[in-house]
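Asks: build me a model from this:
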Amino acid sequence: MYKILIVEDNSIITDFLINVISELYPKWSVYNADSYKKAIDIAMNQDIDLFILDYELNKDNLTENGFNLGIELKNIPKYKNTPMVFETSYPNHIFSIINELHCIYYLIKPYEKADIQHMLNKILNYNNLEKRFSIKDSFGINSYINDNDIIYVNTNRHTLEIFTTANSFLCMNYSLAQLIKESDILIQCHKSYAINPKFITNLDKTTYTVTLQFNDKVFSIPIGRKYKETLLRKMD
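Replies: Below is the predicted model:
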């Protein structure tokens, strides 16, 4: 589930953005804020994957604009590398937002559905957003994991242990069922395990085990009897 925060004080534009994004990506969560303060509150209480910010946010208080909001958000450690898209009615703002905030896309008002779709495609290709999970550990620290880098997942007493090509993580904000549902890759092979089939090197139908390997690391994972046929079908 990917989270987008739209910060825009024009409700018509906000509704248009929400409708288009929800139509294209119905599983995504879209939040909206019509003020600088509300945007910060949402950002602090959620883990946002993409910001869409109105450059001319507050006409009555020019310091509370999208540019300054972007700077403040970038100073929050978890959003240091989070992509930002800016909306503006004035093309002369583009230079500052690209150079100062390194935004990778901007929308010139008025824009259409095709512009939003093009923007989202570029963001997805740039940051692999569609394959990324925000994992929160027992200390409340967030890590971002790409779907394709997960080797296998094991659940034990409401805690997930996720083994990836780089490291292993204890995860407190996903259940095994939820992770499998949102992943395009993982296959459940046991009530407590899910695996990435690209790492399979052997499947033993007599001992009900599957062997996974990444470089010199080898993992032997049990196969539950009720999952055997499903696993075999998905591997065909």
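Asks: export stretch 61-75 to PDB, keeping only CA atoms.
Replies: Output of stretch 61-75 as PDB, limited to C-alpha atoms (Å, rounded to 0.1, in the frame of the first residue of the first chain):
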ATOM      1  CA  ASN A  61       0.900  34.000   3.900                       C
ATOM      2  CA  LEU A  62       3.600  33.800   1.300                       C
ATOM      3  CA  THR A  63       6.100  32.100   3.600                       C
ATOM      4  CA  GLU A  64       3.800  29.100   3.900                       C
ATOM      5  CA  ASN A  65       4.200  28.000   0.300                       C
ATOM      6  CA  GLY A  66       5.000  24.600  -1.200                       C
ATOM      7  CA  PHE A  67       8.600  25.400  -1.700                       C
ATOM      8  CA  ASN A  68       9.300  26.100   2.000                       C
ATOM      9  CA  LEU A  69       7.100  23.100   2.900                       C
ATOM     10  CA  GLY A  70       9.300  20.900   0.600                       C
ATOM     11  CA  ILE A  71      12.400  22.200   2.400                       C
ATOM     12  CA  GLU A  72      10.900  21.400   5.800                       C
ATOM     13  CA  LEU A  73       9.900  17.900   4.700                       C
ATOM     14  CA  LYS A  74      13.300  17.200   3.300                       C
ATOM     15  CA  ASN A  75      14.800  18.100   6.700                       C
END
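Asks: buried residues of that stretch, list them for me.
Replies: By neighbour count on 16 or more other C-beta atoms under 10 Å, the buried set for stretch 61-75 is Glu64, Asn65, Gly66, Phe67, Leu69, Gly70, Leu73, Lys74. For the C-beta atoms, the positions are set from N, CA and C on the backbone; glycine is no exception.
Asks: next: stretch 199-215.
Replies: Quick answer for stretch 199-215 (16+ other C-beta under 10 Å): Phe199, Ile200, Leu203, Tyr208, Thr209, Val210, Leu212, Phe214.
Asks: and stretch 164-176, by the same measure?
Replies: Buried residues in stretch 164-176, counted by 16+ other C-beta under 10 Å: Thr164, Phe169, Cys171, Tyr174, Leu176.
Asks: inside strands: which ones of those?
Replies: Applying DSSP state E to those, the entries found in strands are Thr164, Phe169, Cys171.
Asks: for Ala114, state which of those is nearest.
Replies: Thr164 (36.0 Å; C-beta to C-beta).
Asks: per-residue confidence at the closest one?
Replies: pLDDT for Thr164: 91.
Asks: and Lys3, by the same measure?
Replies: For Lys3, pLDDT reads 91.
Asks: quick one, what contacts it?
Replies: Going by C-beta atoms under 8 Å, 6 or more residues apart in numbering, Lys3 touches Trp28, Ser29, Val30, Tyr31, Gln46, Asp47, Ile48, Asp49, Leu50.
Asks: closest to Asp15 among these?
Replies: Val30 (10.7 Å).
Asks: hmm, back to that, between the buried residues of stretch 199-215, which is nearest Arg233?
Replies: For the buried residues of stretch 199-215, the minimum distance to Arg233 (C-beta to C-beta) is 12.5 Å, reached by Leu203.
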